[in-house]
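Asker: All I have is the shape, not the residue letters:
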């Protein structure tokens, strides 16, 4: 394995040098052949694929494919393609095209070809990356390494995942990074025959869009970034910042449960409710529910609640059933619905690690990780160690890292959206991106805590989005925020009456199902 790692590192160093040593030759691709792939909800949806170079420095070399989806424009006034991305890295965007096209005002969506895509390595694109099937088979070791044995067990898992990725995908790992993905978008633009593209990205997709705009500023028509990655912290520092923001969001959930004590019966004091949650965690560490949901899986199950408060009633019900009656059924159901990893999840995690580990340097000394994570855990214990182990393969990754992209520059006027209480991409990231992207405008959801805030039910935010996509209108303000919207209302627990009939699926729930979690 050491020999393979050295060989991959040598290749990576050459690629890293090519980013700044000389411009990359532009690759071309034939126009995609669109075929019908309609669904009940999206009857005009079409699918296609585009070939792109594995190595953009060698456009005539090995080719890979990107899977595309499209809802075609219907209005005479055509604004061009609008590429949409749900984040990740590792998220599939094929279904997002239909959602965005249906969620935007009809008069706006009709003016765009709304195009989804699976980035390189993801989903229906080929080759698709899967490093270690079953890596998240439950139950895993307790994430908090309270003993040397637990730390060794988690370290062994992280190291073995990195080694498995090197064994299975040595030929593609040096080319799985955000810069390569951004250059793929330029090939897609050429294949579509569009002089410019518009781009709408959530979460990690905000960084991908910013990198594309940095590389090709003259090719951007509209640029929408929602729930924004801090481009100055890619990626180790950004993940440490997440730990504290997720802890704040978890306490917000505990306070919500306390306010609804009449429903859940867990107490009216948020601190006592939180203590009962940690008591549940300790019990599951000793005896996993159903033999599957231990302490690590409990953290996985509650992590989506940090992304979207629409999950809070389900999580509160599972928590109350276990804490009050020892019932495991609702907890197991919540885990299966929100956290269990299937083959698609294995692929998503493989691409997530491949891109993040390649994009930027990570500490290779485990002592640094240990010290930083224990320091975060002391103040923000709910997921500091869970998050560390999720990213720990980067300490052992077999490809040498690139340098983070300085996205500062004169990109076309961009529209940014950020909630002040976002846990996955904390508010400071939106402010940093706003500062670095000249002529950008920042719309803030004051007091909001969800991740992915447009097209999720907040009419104020959606008005700014629609106006911008319609004609480029952006708000201009004097402070860090150019416009402020009130937060969306928090959810209400289901009543006995509403529980007796099937609940309508909200637009926010659909969106967050497409965005997933873990950025």
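Answerer: That came through fine. All values derive from a computational prediction rather than experimental measurement. Numbers count the residues shown, from 1 in each chain.

Asker: Could you point out the longest helix of the chain?
Answerer: helix 236-259 (DSSP state H).

Asker: just how off-centre is that helix within its chain?
Answerer: 17 Å (C-alpha atoms, centre = their mean, to the nearest Å).

Asker: Tell me the helices and strands packed up against it.
Answerer: Helices and strands touching helix 236-259, as assessed by 3 or more C-beta pairs under 8 Å, 6 or more residues apart in numbering; DSSP states H and E, comprise helix 270-286, helix 295-307, helix 312-325, helix 366-379, helix 384-391, helix 427-436. Where C-beta positions appear, they are placed from N, C-alpha and C, glycine not excepted.

Asker: Now with 6 Å, please.
Answerer: Where contact means 3 or more C-beta pairs under 6 Å, 6 or more residues apart in numbering; DSSP states H and E, helix 236-259 is packed against helix 270-286, helix 295-307, helix 312-325, helix 384-391.

Asker: Just the buried positions in the next helix or strand after that helix, please.
Answerer: Remark: after helix 236-259, the chain's next helix or strand is helix 261-264, criterion DSSP states H and E. For helix 261-264, the neighbour count (16 or more other C-beta atoms under 10 Å) marks 263, 264 as buried.

Asker: Now tell me what touches helix 261-264 from outside.
Answerer: Residues outside helix 261-264 that contact it (C-beta atoms under 6 Å, 6 or more residues apart in numbering): 257, 268, 316, 320, 493.

Asker: one step back: pick the most deeply packed of the helices and strands packed on helix 236-259.
Answerer: helix 295-307 (a mean of 25; mean count of other C-beta atoms under 10 Å).

Asker: First-to-last residue distance for stretch 78-87?
Answerer: Stretch 78-87 has an end-to-end distance of 26 Å (C-alpha to C-alpha, to the nearest Å).

Asker: Okay, buried residues for that stretch please.
Answerer: 79, 80, 81, 82, 83, 84, 85, 86, 87.

Asker: Any buried residues in the longest helix of the chain, and which?
Answerer: 236, 238-243, 245-247, 249-254, 256-258.

Asker: Break down the chain into its strands, ranges please.
Answerer: 35-36, 46-53, 63-71, 80-85, 112-118, 197-202, 220-226, 414-419, 441-446, 483-486 (DSSP state E).

Asker: Reformat those strands as a markdown table; add mean pLDDT and distance to residue 353.
Answerer: Converted to a markdown table, the strands of the chain look like this (pLDDT from 0 to 100; distance: least, C-beta to C-beta, whole Å):
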| stretch | mean pLDDT | distance to residue 353 |
| --- | --- | --- |
| strand 35-36 | 98 | 33 |
| strand 46-53 | 98 | 21 |
| strand 63-71 | 98 | 19 |
| strand 80-85 | 98 | 18 |
| strand 112-118 | 98 | 17 |
| strand 197-202 | 98 | 20 |
| strand 220-226 | 98 | 23 |
| strand 414-419 | 98 | 26 |
| strand 441-446 | 98 | 30 |
| strand 483-486 | 98 | 35 |
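
Asker: Need those strands in JSON lines (columns: distance to residue 146).
Answerer: As requested, these are exported to JSON lines (distance: least, C-beta to C-beta, whole Å):
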{"stretch": "strand 35-36", "distance to residue 146": "55"}
{"stretch": "strand 46-53", "distance to residue 146": "46"}
{"stretch": "strand 63-71", "distance to residue 146": "44"}
{"stretch": "strand 80-85", "distance to residue 146": "39"}
{"stretch": "strand 112-118", "distance to residue 146": "40"}
{"stretch": "strand 197-202", "distance to residue 146": "36"}
{"stretch": "strand 220-226", "distance to residue 146": "38"}
{"stretch": "strand 414-419", "distance to residue 146": "34"}
{"stretch": "strand 441-446", "distance to residue 146": "38"}
{"stretch": "strand 483-486", "distance to residue 146": "43"}
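
Asker: To residue 28, which of these lies closest?
Answerer: strand 46-53 (9.8 Å; C-beta to C-beta).

Asker: List of residues touching the closest one?
Answerer: 27, 29, 32-37, 59, 63, 65-70, 184, 187-188, 191.

Asker: what's the answer for stretch 425-434, then?
Answerer: 227-232, 241, 245, 416, 418, 420, 440, 442, 480.

Asker: Weed out the non-buried ones from these.
Answerer: Taking 16+ other C-beta under 10 Å as the criterion, what is buried in the contacts of stretch 425-434 is 227-232, 241, 245, 416, 418, 420, 440, 442.

Asker: The residues you listed: which two are farthest apart?
Answerer: Farthest pair in the buried ones among the contacts of stretch 425-434, by C-beta to C-beta: 245 and 440, 22.1 Å.

Asker: thinking again about what came up before, I'd like the helices and strands packed on helix 236-259 as a markdown table, with mean pLDDT appended.
Answerer: Converted to a markdown table, those look like this (pLDDT from 0 to 100):
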| stretch | mean pLDDT |
| --- | --- |
| helix 270-286 | 98 |
| helix 295-307 | 98 |
| helix 312-325 | 98 |
| helix 384-391 | 98 |
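
Asker: just so I know, which of the ones you listed lies nearest residue 220?
Answerer: Closest of the helices and strands packed on helix 236-259 to residue 220 is helix 295-307, at 27.5 Å (criterion: C-beta to C-beta).

Asker: Which residues are in contact with residue 150?
Answerer: Taking C-beta under 6 Å, 6+ apart, one finds 141, 142 in contact with residue 150.

Asker: Report pLDDT for it.
Answerer: What the model reports for residue 150 is a pLDDT of 98.

Asker: please renumber so the chain begins at 42
Answerer: Sure, I'll start numbering at 42, so the last one becomes residue 191.

Asker: Tell me the spacing between it and residue 325.
Answerer: With distances taken as C-beta to C-beta, to the nearest Å, residue 191 is found 15 Å from residue 325.

Asker: do residue 516 as well
Answerer: The value you get for residue 516 to residue 325, if C-beta to C-beta is used, is 47 Å.

Asker: Residue 303 too?
Answerer: Remark: distance between residue 303 and residue 325 (C-beta to C-beta) = 26 Å.

Asker: which intervals of the chain have sub-threshold pLDDT?
Answerer: 42-67, 537-545, 559-560 (pLDDT under 70).

Asker: can we see that at 80?
Answerer: Applying pLDDT under 80 to the chain picks out residues 42-69, 451-452, 537-545, 558-560.

Asker: Check whether residue 484 really touches residue 505, as I assumed.
Answerer: Yes - proximity of residue 484 to residue 505 meets the contact threshold set by C-beta atoms under 6 Å, at 5.0 Å.

Asker: more neighbours, these two?
Answerer: Neighbours per residue (other C-beta atoms under 10 Å) separate residue 484 from residue 505, with residue 484 holding more: 26 against 22.

Asker: residues contacting that one?
Answerer: 458, 505, 524 are the contacts of residue 484 under C-beta under 6 Å, 6+ apart.

Asker: Which residues belonging to stretch 95-111 are considered buried?
Answerer: Buried residues in stretch 95-111 (16+ other C-beta under 10 Å): 95, 96, 97, 98, 100, 105, 106, 107, 108, 109, 110, 111.

Asker: now do stretch 159-169
Answerer: 159, 160, 161, 162, 163, 164, 165, 166, 169.

Asker: Same check on stretch 399-409?
Answerer: Buried, per 16+ other C-beta under 10 Å, within stretch 399-409: 399, 400, 401, 403.

Asker: In helices only, show me the residues you listed.
Answerer: 399, 400.

Asker: Out of the buried residues of stretch 399-409, flag the one nearest to residue 316.
Answerer: For the buried residues of stretch 399-409, the nearest to residue 316 is residue 403 (34.5 Å; C-beta to C-beta).
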